[in-house]
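K.L.:
structure for the following, please:
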Amino acid sequence: MRSRPGEVLIRVLAAAGVVAATVFAGPGVQAVGRTAGPQTADAGGGRTAADGGGRTGGAGVTGGGGRTADAGGVRTAGAGGAGAGGPTEPAGDGEADRVLFRFADERITESSGLAVSPTHEDVYYTHNDSEAGAVFFAVGGDGRTRAVFTLRGAGARDWEGMAVSKDPKTGRGVLWFADIGDNFDGAWPDVSVYKVAEPAALKDAVLPAVRYRFRYEDGGHNAEGVMVDPRSGRLHIVTKEFAGAVYAAPKRLRTGRVNVLRRVGSAPIMATDAAYAPDGSSFVVRTYISATVYRDFDEQLARVSMPPLEQAESIAYTADGRALLTGSEGADSPVHLVPLPDRVLEAVAPAPTPTPEGTARTEPAGPAGAVEDAGEDGEEDAGVPVSAVLLWLLVAVGATGVIVFIARRTG
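P.N.:
Coordinates of the predicted model:
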């Protein structure tokens, strides 16, 4: 749990990062922007904003309780996305991001993890950050809580993210809760991830959980992102550092000993969450500033600019894999739906079935590998330009001094 000066410092640093990315974004930073337009995308795939749970598209999102949320219907790329000063592309056939819903439950004040239920239609899971207890919420598409679940015997030192998968044998949903926060980068000898069978019924309950302990092969790290590859079932942790990285867990997890996480790729600076697409064709890493989509480790497809949020903490794919959901901490916090750019969807689309001989052939528009890289001139975009990092560090030093001064005056 953060102290008041610590919370102020974090927000100052996040704001500094947004300013730095906006001011210093250059040719080496390319974002995929959002354009205002009709809001028809939906997390379920194919449903318009006018249906389900009393929600309406356009200027607002009306929940079942009559609450109207401010929608991002006329929002364009700005300070909320890294590289806002660089070139942008229309996202999802010109559709704008929009507020899908807001968390109506007063108990959800620090939504840190977000996931779409793999078996319940129009149901989303979230949990609070820090010392809120081993509790998670099932929320409907109207933002109202459908059920609250407690994990039996589980700890909650610093829950930072969650992921979902499916049991390949039963088809039942599996939920993963990551107690992986470590603000001292190595203060804990190990971190934990809890595996829970998704409840079949959406009613309050206490659920059994399996705990897996982990340590990094190269020493302790602070982390907030967790994701599970649906093709292999392998768990991955994404660290939250200036030199972030993706770590893979062993294929077979063991409860009787500490599992070793091994580095498999790099990650953007200060990653706050990560998620795999439902079909495993791509994964996304969220930062305070933007989101980066990858085809594979260190194989970046695009930077997607995100809506400005109080404190960007979570990200997930929609059930159909065609859009991203992103959320924030804070009371009554919104969950935005951001359509993925067309070129990303084309890049990860399955290869066409070979045409039998003797039938007409249609040449594809181009191989998936021909998709334009997020960086220009063949340079890989590392997430934030170096100049922005330098500015961020300078602001961090100044902010630290201010916080220390305030703490001493008020102590």
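K.L.:
which intervals of the stretch 101-250 of the chain have sub-threshold pLDDT?
P.N.:
The stretch 101-250 of the chain contains residues with pLDDT under 70 at 131.
K.L.:
show me where it has strands.
P.N.:
111-116, 123-128, 135-140, 145-152, 161-166, 173-179, 191-197, 205-208, 210-216, 223-228, 235-239, 245-248 (DSSP state E, counting those that start in this stretch).
K.L.:
out of the ones you listed, which one sits most buried?
P.N.:
Stretch with highest mean neighbour count among the strands of the stretch 101-250 of the chain: strand 223-228 (a mean of 28; mean count of other CB atoms under 10 Å). Yep, even glycine has a C-beta here, placed from its N, CA and C like the rest.
K.L.:
what is that one packed up against?
P.N.:
strand 161-166, strand 173-179, strand 235-239, strand 271-276, strand 283-287 (3 or more CB pairs under 8 Å, 6 or more residues apart in numbering; DSSP states H and E).
K.L.:
out of those, flag the one nearest residue 133.
P.N.:
strand 173-179 (11.5 Å; CB to CB).
K.L.:
what helices or strands is that closest one leaning on?
P.N.:
On a contact count with 3+ CB pairs under 8 Å, 6+ apart, strand 173-179 meets strand 111-116, strand 161-166, strand 191-197, strand 223-228.
K.L.:
before we move on, back to that, out of the helices and strands packed on strand 223-228, nearest to residue 153?
P.N.:
Going by CB to CB, the one of the helices and strands packed on strand 223-228 nearest residue 153 is strand 173-179, 12.9 Å.
K.L.:
which residues are contacting the closest one?
P.N.:
Defining contact as CB atoms under 8 Å, 6 or more residues apart in numbering, one finds that strand 173-179 is touched by 113, 115, 117-120, 125, 127, 134, 136, 151, 154-167, 191-198, 209, 223-224, 226, 228, 235, 237.
K.L.:
redo that, cut-off 6 Å
P.N.:
Strand 173-179 is contacted from outside by 118-119, 157, 159-167, 192-196, 198, 226, using CB atoms under 6 Å, 6 or more residues apart in numbering.
K.L.:
stretch 116-123 too?
P.N.:
124, 138, 141, 164, 166, 173, 316, 319.
K.L.:
tabulate the helices and strands packed on strand 173-179 (TSV), appending distance to residue 254.
P.N.:
Shown next, in TSV, are the helices and strands packed on strand 173-179 (distance: least, CB to CB, whole Å):
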stretch	distance to residue 254
strand 111-116	24
strand 161-166	18
strand 191-197	12
strand 223-228	17
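K.L.:
closest to residue 104 out of these?
P.N.:
strand 111-116 (12.0 Å).
K.L.:
render the CA-only coordinates of that closest one in PDB, please.
P.N.:
Provided in PDB are the C-alpha atoms of strand 111-116 (Å, rounded to 0.1, in the frame of the first residue of the first chain):
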ATOM      1  CA  SER A 111      -8.600  -1.900 -10.200                       C
ATOM      2  CA  SER A 112      -5.200  -3.300 -11.100                       C
ATOM      3  CA  GLY A 113      -6.000  -6.400 -13.100                       C
ATOM      4  CA  LEU A 114      -8.600  -7.000 -15.900                       C
ATOM      5  CA  ALA A 115      -9.700 -10.000 -17.800                       C
ATOM      6  CA  VAL A 116     -12.600 -11.200 -20.000                       C
END
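K.L.:
same list (the helices and strands packed on strand 223-228) but as TSV, adding distance to residue 245.
P.N.:
As requested, these are exported to TSV (distance: least, CB to CB, whole Å):
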stretch	distance to residue 245
strand 161-166	15
strand 173-179	15
strand 235-239	5
strand 271-276	9
strand 283-287	11
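K.L.:
any idea which of those strands gets closest to residue 264?
P.N.:
strand 235-239 (7.5 Å).
K.L.:
picking that back up, let me know which of the helices and strands packed on strand 173-179 is the nearest to residue 268.
P.N.:
strand 223-228 (10.1 Å).
K.L.:
direction included, what does the closest one pair up with?
P.N.:
In the sheet, strand 223-228 lines up against strand 235-239 (antiparallel) (DSSP bridges).
K.L.:
angle of the strand it pairs with against strand 283-287?
P.N.:
Counting by axes from the mean of the first three to the mean of the last three CA atoms, to 10 degrees, strand 235-239 lies at 30 degrees to strand 283-287.
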